[in-house]
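A.B. asks: structure for the following, please:
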Amino acid sequence: MPNSDACRGTAVSFVYISSPNDGLVSHYHLDDDTGALTLVEQVKAGEKVNALALTPDGSTLYGALRGQPSEVVSFSVDAGSGKLLRRARAPLGAGMSYLATDRQGRFLFGASYGEDVVTLQSIDDEMQVQENIRKYASGMHAHSVRPDPSNRFVYACVLGVDRILQFRLDEASAALEPIGEGFVSVAENVGPRHLAFSEDGRLVFVVGEMSGTVLSFSIDPQTGALTPVHEQSGITPGMNLEQGLVRDSRNNNLSDDPTPRIWCADIRLVPGGRRLYITERTTSSVSVFDVSAEGRLAFAGNHKLVEKQPRNIAISPDGRWLLACGELSPVVGSYRIEASGELTRVSEAPSGDGALWIEVLPQR
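C.D. replies: Next up is the predicted model:
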């Protein structure tokens, strides 16, 4: 049962997980010392709530609603308890697979897999998303969009055309300007999906949904242009997986194709930047990599998760715990990150139906 007092007196982080099948955002406490997860409450967000995004100051949580019309719902976050208070809705202009704010909480970015656009909307001083929407054609299946740590550059992964879009953020005009050609290409059928930045902003890492590889790029500090550094597979022969395929609403689960295929999803760097995890949904597992200061990757193992079909994972702010939810799992799990990178499951809590997106906020 939900219990808002379960973590009273302990150091906790607040965890928020969306579940589109029941339209809920579930709020948890993560005990920073033990890794224990406790369900606090489940809040009705709206139809097909999907991607979530926290503002940098932790005051507001946004959720993308993929019903008709596509909207973003905003919640105020209580600083003491982490509880959510529903505030407002605003149009999104497309069904979003990804949301992110800029590093100052002034803009909301979206990536639409189904409608092939990247979007930008201003956020006012009351943290309300504005209705004016700038749209940028992405090519087939934009899957993620995020600003770099400097907040000067924005990058978007476009799975269907094997490109990473690169933009300069013009804050004064609330617009994105292409860098160079506007993109870098990767090998065919990699399927770039999600991305993660090094803390110093020198590197960005991208997971290939269909290849099971991680690609690293250096970021030019003056122009924001990307240069390839390294690529490393997270798929071993023992996983018995074949090359992945592009999926959409017509064939998301490849029900007419019995071949087990690579189906990677999320990518997360552990604080400090020397370890990285990706999820693989067909085998319900994560692969771990060691990362050099230059961005070179070394595969360090693959570990099974209890949670089935893990779309998203998260790393606790102190780097001690990995949190996993599964689209086909009734629970979310907490795993201790061992010195070797291996995972030890320490706790679980009930999830919503089809849980897929995790945001973590340290208690302020």
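A.B. asks: alpha carbons only for contacts and neighbour counts from here, please
C.D. replies: OK.
A.B. asks: mind checking pLDDT for G67?
C.D. replies: For G67, the pLDDT comes out at 89.
A.B. asks: that one contacts G23, correct?
C.D. replies: No: counting by CA atoms under 8 Å, G67 sits too far from G23 to count as a contact (10.1 Å).
A.B. asks: so for those two, which residue has more residues nearby?
C.D. replies: Remark: of G67 and G23, G23 carries more neighbours, 22 against 14, as counted by other CA atoms under 10 Å.
A.B. asks: and the more buried one, what is it in contact with?
C.D. replies: Counting by CA atoms under 8 Å, 6 or more residues apart in numbering, G23 makes contact with 44-49.
A.B. asks: ditto for Q309
C.D. replies: So Q309 contacts 280-284, 326-329 (CA under 8 Å, 6+ apart).
A.B. asks: and for it, nearest residue in space, chain neighbours not counted?
C.D. replies: Spatial nearest neighbour of Q309, excluding adjacent residues (CA to CA, 6 or more residues apart in numbering): R281 at 4.3 Å.
A.B. asks: likewise D57?
C.D. replies: G105 (7.7 Å).
A.B. asks: roughly how far apart are that neighbour and R311?
C.D. replies: 25 Å (CA to CA, to the nearest Å).
A.B. asks: could I get the contacts of G23 as a markdown table with secondary structure, neighbour count and distance to R274?
C.D. replies: A markdown table is the format used below for these (DSSP: H, G, I helix; E, B strand; the rest coil; neighbours: other CA atoms under 10 Å; distance: CA to CA, whole Å):
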| residue | secondary structure | neighbour count | distance to R274 |
| --- | --- | --- | --- |
| K44 | strand | 13 | 38 |
| A45 | coil | 25 | 36 |
| G46 | coil | 20 | 38 |
| E47 | coil | 20 | 38 |
| K48 | coil | 22 | 35 |
| V49 | strand | 30 | 33 |
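A.B. asks: may I have the strands that pair with the strand or helix carrying T38, each with its orientation?
C.D. replies: T38 is part of strand 37-44, with elements assigned from DSSP states H and E. The strands beside strand 37-44 in its sheet (DSSP bridges) come out as strand 24-31 (antiparallel).
A.B. asks: and for the partner strand, what are the contacting residues?
C.D. replies: 7, 10-19, 36-46, 49, 82-83, 351-352.
A.B. asks: likewise for stretch 253-268?
C.D. replies: 193-196, 206-212, 240-245, 247, 276-282, 310-315.
A.B. asks: which parts of it are buried?
C.D. replies: Neighbour-count burial for stretch 253-268 flags 261-268 (criterion: 16 or more other CA atoms under 10 Å).
A.B. asks: for stretch 95-107, same thing?
C.D. replies: For stretch 95-107, by 16+ other CA under 10 Å, it's 95-103, 105-107.
A.B. asks: now do stretch 120-135
C.D. replies: 120-123, 127-130, 133-135.
A.B. asks: hmm, back to that, among the buried residues of stretch 95-107, which two are most distant?
C.D. replies: Using CA to CA, the two most remote members of the buried residues of stretch 95-107 are G95 and R103, lying 23.0 Å apart.
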